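Requesting a structural model of the entry that follows:
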Amino acid sequence: MKGWLTIGQFAKLVSLSERTIRVYEESGLIKAHTRGENEYRYFTSGQIQTIDRIKQFKAFGFSLAEIRSLLEIDETLDRAKLCALLEKQLVTIEQECSDLAAAKIKLKQVITSLKQNKPGLSPEDRRFVMNRFEKTSVMVGGVSNLELTANLIKQHFEKSGKSVPVIEWDGSADIPVAKPFILIVPEKVLIEQRGPNSKLSSFTPDVVVIKELSKSSDELHQAYLQVYGGVGPHMSTILNADDRAVIEFAGNETVRKGKTYYFSKNSGLEEQIGRIGGVVSDGEKVSIFGFNQTKTPTEINLNRILGHDEEMAYLASLAAVMDFGLKREALAHS
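Predicted structure coming up:
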């Protein structure tokens with residue numbers, strides 16, 4: 001096997017990790033010539049050019065699936081397929097430009113306010129600044145699929161290069177002080193923690209996600225309101241518009257002191273949610289109204305049919321990160 005390279009040698013030569021080479025191989029982007037009797041992968045120096053092309057495509061923001069198509073185009077010269085991929089990329093870039101333009105305007109407003117030595121930033125401006133520095137906390141509450149929802153929120157952050165831990169809270173440990181983090185608080189724990197000495201009394205989350213309520217009652221509402229001690233325009237509540245008990249909670253005067261975003265699988269609510277802000281799905285396409293404070297809706301096509309519970313968790317996760325300045329590609333469902 002003279003002139004052949006083990007995966008370790010090849011990875012070192014192209015300045016990538018062995019794990020990355022394995023991912024590329026599993027995705028069909030590159031193929032080892034043989035595994036040999038020792039089951040090792042072997043590559044040749046001629047495949048360095050393929051790795052260089054993969055790196056170039058990744059730098060332009062193409063996904064691994066798209067890169068696989070582009071590598072095929074390199075050999076088949078399929079111009080129509082290349083144009084379709086480039087047009088899709090153009091749409092993504094235009095959306096990113098729109099998002100950046102909105103962020104630029106907001107940043108200029110905050111900078112102007114600071115230079116004018118005003119007494120203090122508005123709650124909206126403080127939230128915007130803290131989100132730019134990733135100092136945010138999210139609470140996921142309710143009665144179903146809380147872990148799935150929290151992990152989807154975590155994935156959105158990770159796709160933007162931000163690390164946010166998920167903590168399942170059972171009421172016994174202290175709630176973290178240092179942000180950022182995602183805290184899962186089941187409804188049962190909220191009820192158990194009611195009282196003047198509750199550890200929740202000092203918890204001031206930036207975002208509260210409420211998937212579903214077991215029922216609608218004053219007692220249950222008070223359990224949830226424990227985390228609203230510092231409510232204001234800086235705080236957002238993400239509400240399930242398809243759950244009647246949640247909608248009744250949304251009418252609470254304390255909740256309404258903050259922002260409210262809704263998520264729904266009922267496309268008939270699109271006009272109303274479009275005015276308020278939130279996320280609507282018709283099963284094939286998701287429309288996000290108010291993402292990164294943009295006026296035009298952000299649309300995402302679902303790459304596969306999702307079950308009801310998974311889709312509702314995904315919609316809730318999108319609404320939860322609307323104000324965090326994430327990139328559009330961080331929102332796609334894996």
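
and the residue nearest to the spatial centre of the chain, what does it touch?
The centre of the chain sits closest to His156, judged by Cα atoms, centre = their mean, with a distance of 2.4 Å. Counting by Cβ atoms under 8 Å, 6 or more residues apart in numbering, His156 makes contact with 317-318, 321, 326, 330-331. For glycine as for every other residue, the C-beta is placed from the backbone atoms N, C-alpha and C.

so which of these comes closest to Ala178?
Distances from Ala178 to the contacts of His156, taken as Cβ to Cβ, are shortest for Val321 (19.6 Å).

Who's the closest spatial neighbour of the closest one, skipping the chain neighbours?
Spatially, and ignoring its direct neighbours in sequence, Val321 is nearest to His156 (4.9 Å; Cβ to Cβ, 6 or more residues apart in numbering).

got it, and Ile175?
Phe203 (5.0 Å).

what do you get for Lys199?
Ile175 (5.8 Å).

follow-up on the earlier one: would you double-check that the residue nearest to Val321 falls in a helix?
Yes. The assignment for His156 is a helix, going by DSSP: H, G, I helix; E, B strand; the rest coil.

Quick check, pLDDT for it.
The confidence metric pLDDT takes the value 93 at His156.

All the strands of the stretch 201-334 of the chain, in order from the start?
Using DSSP state E, counting those that start in this stretch, the strands of the stretch 201-334 of the chain run over 207-210, 236-240, 259-264, 278-281, 285-289, 298-301.

For Asn117, find the nearest of those.
strand 259-264 (27.5 Å).

Quote the end-to-end distance of stretch 233-249.
When the termini of stretch 233-249 are compared using Cα to Cα, to the nearest Å, they are 18 Å apart.

Identify each buried residue in it, please.
For stretch 233-249, a neighbour-count test (16 or more other Cβ atoms under 10 Å) marks 234-243, 245-246, 249 as buried.

so what's the closest residue in space to Gln47 that isn't next to it in sequence up against?
In space, and not counting its chain neighbours, Gln47 is closest to Ile30: 6.1 Å by Cβ to Cβ, 6+ apart. Ile30 makes contact with 21, 24, 43, 47, 50-51, 54 under the criterion Cβ under 8 Å, 6+ apart.

circling back: and the strands of the stretch 201-334 of the chain, which one is worst for confidence?
Sorting those by mean pLDDT places strand 298-301 lowest, at a mean of 89.

That strand: partners in the sheet, and parallel or antiparallel?
When sheet partners are counted by DSSP bridges, strand 298-301 sits next to strand 285-289 (antiparallel).

list the contacts for the residue nearest to Ser98 when sequence neighbours are not counted?
Ranked by Cβ to Cβ, 6+ apart and with sequence neighbours excluded, the top spatial neighbour of Ser98 is Thr294, at 5.9 Å. Counting by Cβ under 8 Å, 6+ apart, Thr294 touches 98-99, 102.

Equivalent analysis for Ala245, please.
Counting by Cβ under 8 Å, 6+ apart, Ala245 touches 212-216.

cutoff 6 Å now
With contact taken as Cβ atoms under 6 Å, 6 or more residues apart in numbering, Ala245 is in contact with 213, 215-216.

Can you classify the residue nearest to Lys199 by secondary structure?
coil.

so what's it scoring on pLDDT?
On the pLDDT scale, Ile175 gets 89.

now do the one 3 residues further on
Per-residue pLDDT puts Ala178 at 83.

Likewise for Ser137?
As predicted, Ser137 sits at a pLDDT of 90.

what about it, neighbour count?
Neighbourhood size, Ser137 [other Cβ atoms under 10 Å]: 21.

That one touches Asp206, doesn't it?
Yes. Using Cβ atoms under 6 Å, Ser137 is in contact with Asp206, at 5.4 Å.

Look up how far Lys159 lies from the nearest residue to Gly142 once chain neighbours are set aside.
Using Cβ to Cβ, 6+ apart and skipping the chain neighbours, the partner closest in space to Gly142 is Lys211 (3.4 Å). The spacing between Lys211 and Lys159, counted by Cβ to Cβ, to the nearest Å, is 22 Å.

Which one's more surrounded, these two?
Lys211 (24 against 15).
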